[in-house]
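Q: requesting a structural model of the entry that follows:
(one chain, ligands or ions: 1)
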Amino acid sequence: MKSFAAFFAAACLVASGFTQTTDAQKPEWCRNLPRPIYSKLERIKIADPWFEVYRIRPGVFAIYEPHQYEEVISYLVTGTRRALLFDTGMGISNIRDVVQTLTPLPVSVVNSHTHNDHVGDNWRFTDVYGMATDFTRANALGSTEDALAELAPSQLCGDLPPGFNPREYATRPFHISHWLHDGDKIELGGRTLQIIATPGHTPDAIALLDEKNGLLFTGDTFYPGPIFLYRPETDLDAYVASVKKLAALAPRLRLLLPAHNVPVAEPGYLPRVVAAIEQVRSGKIKPTPRDGKQEYSFSGFSFLLNK
Ligand SMILES: [Zn+2]
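A: As a prediction, this is how the structure comes out:
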């Protein structure tokens, strides 16, 4: 989806002025929504139709963007003194307004990694934490191509927000106010979140651990769906080491909160992901072609690789 084909399709869309697709033209992924699990979650009503908000635990909100192919999920986690926003989504609508309706506390932003679909609204916040990596520094400068490709007709499901101008859409530059390292802890008041470096999908990928409550926010290192391991910045050896690190935490966890598709998953997935990626690397699993990549499928998730 970040292919040049998608980019040119999006460029044409922008050049021609945006028109909505009819039902029959809906992309396949869109026709399969909503995902069944959402009917079992506690939905919080908000004014902006671009987002759906779910209360997953007390003080833990999933902010879901179901109208775009990434189905990205950002999380607002609150303590007694401050709140942390784990990712800021696509930057297509205004996540800051949503966050302000959910909490009066000061909000700091931490990103699961700095791919465009997770940092889109970083620019709207003054307190942004970043991993001390060159990849993070480069992405904080912003970009246009990755953002534009997200608007191809095949990537959209339903209406873009009123007032959204595709011609002006880009990942805007953002300022990083604090640098993070593996093992750092962020105190929210009555809740501590620990940074767990999980390089692999990107060099700056992290998971966020709320040990007291048994919660692990996994970012793009794990979600139930096709896990992207084909970009040039992906390091497969590092990915294997990172999923082993997370799987070692599994016995102490009650819930995984992934960054795409669904906001709840069983911790039991983690050891299965380790076994699966090791099988892939040993050459024992046959892939099937998908979108110009190779897909290695397992029960509940898959890996997308170049070869
Ligand atoms: Zn990513």
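
Q: from now on I want contacts and neighbour counts done on CA atoms only, so please keep to that.
A: Will do.

Q: state the mean pLDDT of stretch 258-267.
A: For stretch 258-267, mean pLDDT is 98.

Q: got the end-to-end distance for it?
A: Distance across stretch 258-267, first residue to last, is 11 Å (C-alpha to C-alpha, to the nearest Å).

Q: what residues sit buried inside it?
A: 258-265, 267 (16 or more other C-alpha atoms under 10 Å).

Q: and the contacts of it?
A: Outside stretch 258-267, the residues that touch it by C-alpha atoms under 8 Å, 6 or more residues apart in numbering are 35, 37-38, 56, 62, 70-74, 217-220, 222-225, 250-251, 253-257.

Q: separation between the residue sitting nearest the centre point of the chain and S177?
A: The residue lying closest to the centre of the chain (C-alpha atoms, centre = their mean) is A259, at 3.5 Å. Between A259 and S177 the computed distance is 23 Å (C-alpha to C-alpha).

Q: and E145, by the same measure?
A: E145 is 25 Å from S177, by C-alpha to C-alpha.

Q: neighbour-wise, which of the two wins?
A: Using other C-alpha atoms under 10 Å as the criterion, E145 and S177 rank with E145 on top: 20 against 12.

Q: show me where the chain has helices.
A: Along the chain, counting by DSSP state H, helices occupy 4-16, 28-31, 95-102, 116-119, 134-139, 145-149, 236-247, 269-281.

Q: for the ones you listed, which one sits closest to L208?
A: helix 236-247 (10.4 Å; C-alpha to C-alpha).

Q: where does the chain dip in pLDDT?
A: For the chain, applying pLDDT under 70 flags the ranges 1-24.

Q: can we see that at 80?
A: Residue ranges of the chain with pLDDT under 80: 1-25, 307.

Q: need phi/psi at the residue nearest to the centre of the chain.
A: Main-chain dihedrals, A259, degrees, to the nearest 10: phi -90, psi 0.

Q: for the closest residue to Q194 other than its chain neighbours, what are its contacts?
A: Closest residue in space to Q194, ignoring its immediate chain neighbours: K185 at 4.4 Å, by C-alpha to C-alpha, 6 or more residues apart in numbering. Taking C-alpha under 8 Å, 6+ apart, we find K185 in contact with 192-195.

Q: can you put those residues in JSON lines and add distance to V273?
A: JSON lines is the format used below for the contacts of K185 (distance: C-alpha to C-alpha, whole Å):
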{"residue": "T192", "distance to V273": "26"}
{"residue": "L193", "distance to V273": "23"}
{"residue": "Q194", "distance to V273": "22"}
{"residue": "I195", "distance to V273": "21"}
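
Q: and which of the residues you listed is nearest R137?
A: Nearest member of the contacts of K185 to R137, counting by C-alpha to C-alpha, is I195, at 18.0 Å.

Q: count the neighbours of that closest one for me.
A: Neighbours around I195, by other C-alpha under 10 Å: 21.

Q: that one and S39: what is the separation?
A: 31 Å.

Q: repeat that for I186.
A: Counting by C-alpha to C-alpha, the gap from I186 to S39 is 32 Å.

Q: got a list of what T171 touches?
A: 91, 116, 119-121, 142-144, 147.

Q: which two in those residues are spaced the farthest apart?
A: Farthest pair in the contacts of T171, by C-alpha to C-alpha: D121 and T144, 13.9 Å.

Q: relative to T171, how far out is N165?
A: 13 Å.

Q: now swap in P34 and tell me
A: 27 Å.

Q: what number of residues lie near the closest residue to H260 other than its chain neighbours?
A: Closest residue in space to H260, ignoring its immediate chain neighbours: V72 at 4.5 Å, by C-alpha to C-alpha, 6+ apart. Close neighbours of V72, defined as other C-alpha under 10 Å, add up to 26.
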